[in-house]
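Asks: Please work out how this folds:
(chains A and B)
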Amino acid sequence: GQNIDQPTEMTATEGAIVQINCTYQTSGFNGLFWYQQHAGEAPTFLSYNVLDGLEEKGRFSSFLSRSKGYSYLLLKELQMKDSASYLCAVRGGKAAGNKLTFGGGTRVLVKP
Amino acid sequence: NAGVTQTPKFQVLKTGQSMTLQCAQDMNHEYMSWYRQDPGMGLRLIHYSVGAGITDQGEVPNGYNVSRSTTEDFPLRLLSAAPSQTSVYFCASSPDPPLGYTFGSGTRLTVV
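Replies: Reported below is the predicted structural model:
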């Protein structure tokens, strides 16, 4: 089975940095995704890690350690529009249909 | 290029009624999935498909049926609606290999 944990809520100040941690225990692993979801909207793809290390994309970076079952999403130079939920998701292997399993999401509130 | 299209956007059903949520994608994606999202529960996988004619159950399949007769379409059928099925339903699709899942805009379903 899959177990994915991330904090429920975080608050940060505009212009600051926030790090959202995600730990996972899965029966198969074929990549980890981060999605952003604004209230009332669909999730949108942010990043994908399949190898250990840091992937940087503008103000957003994502890190993966497969041996520790750990990932984080780093949001830099926070803007008010970054207030949203951030979803960590793990993809199982092809034998498991490449299923994508989500954590409960972390709601980030950016304050002025 | 419409991406993933879900209809309807909103629906109210009475307990015991049946209905079909429609999902269509025009990106020739092999993988399609249905998720439900309840407050504080994240996204939970209902059913998924790895190609036309192939479907399988996710973690919460009871009360739902799917079929995949074409690559483009992946309808979700509620057999006999119950208040516990009140939720927001998202359809998602991905190419093979599934590097990024694209989500539809969602269907907000209320069962009274």
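Asks: Do a quick rundown of the strands in chain A.
Replies: Listed in chain order, the strands of chain A (DSSP state E) span A:2-5, A:9-13, A:18-26, A:32-37, A:44-49, A:53-57, A:60-65, A:70-75, A:84-91, A:100-102, A:106-111.
Asks: actually chain B, not the one I typed
Replies: B:4-7, B:10-13, B:19-25, B:31-38, B:42-51, B:54-57, B:64-66, B:76-78, B:87-94, B:102-103, B:107-111.
Asks: would you list those strands in CSV and tack on mean pLDDT, distance to A:Glu41 and mean neighbour count?
Replies: Where you see a C-beta, it was placed from the backbone N, CA and C, and this is true even at glycine. Converted to CSV, the strands of chain B look like this (pLDDT from 0 to 100; distance: least, CB to CB, whole Å; neighbours: other CB atoms under 10 Å in any protein chain shown):
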stretch, mean pLDDT, distance to A:Glu41, mean neighbour count
strand B:4-7, 96, 13, 18
strand B:10-13, 97, 14, 14
strand B:19-25, 97, 17, 19
strand B:31-38, 95, 11, 23
strand B:42-51, 93, 13, 21
strand B:54-57, 94, 27, 14
strand B:64-66, 97, 23, 19
strand B:76-78, 98, 20, 18
strand B:87-94, 96, 10, 23
strand B:102-103, 94, 9, 20
strand B:107-111, 97, 12, 18
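Asks: What residues does chain A have near chain B?
Replies: A:8, A:31, A:33, A:41-45, A:48, A:87, A:89, A:91, A:97-105 (CB under 8 Å from any CB of the partner chain).
Asks: Buried ones only from the residues you listed, please, as a PyMOL command.
Replies: A single PyMOL command selects the buried members of the residues of chain A next to chain B (16 or more other CB atoms under 10 Å in any protein chain shown):
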select buried, chain A and resi 31+33+42+43+45+48+87+89+91+97+98+99+100+101+102+103+104+105
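Asks: if we compare the strands of chain A, which one ends up closest to B:Arg44?
Replies: In terms of CB to CB, the element of those nearest to B:Arg44 is strand A:100-102, at 7.5 Å.
Asks: What residues does chain B have near chain A?
Replies: Counting by CB under 8 Å from any CB, chain B comes close to chain A at B:31, B:33, B:35, B:40-45, B:48, B:50, B:56, B:58-59, B:90, B:92, B:94, B:96-106.
Asks: same thing but at 7 Å, please
Replies: When proximity is defined as CB under 7 Å from any CB of the partner chain, chain B approaches chain A at B:31, B:33, B:40-43, B:45, B:48, B:50, B:56, B:58, B:90, B:98-101, B:103-106.
Asks: which regions of chain A lie under the pLDDT threshold?
Replies: Scanning chain A for pLDDT under 70 picks out A:1.
Asks: re the thing from before, of all the strands of chain B, which lies closest to A:Thr23?
Replies: strand B:42-51 (14.5 Å).
Asks: which helices and strands does the closest one pack with?
Replies: Packed against strand B:42-51 by the contact rule (3 or more CB pairs under 7 Å, 6 or more residues apart in numbering or on different chains; DSSP states H and E) you find strand A:100-102, strand B:31-38, strand B:54-57, strand B:64-66.
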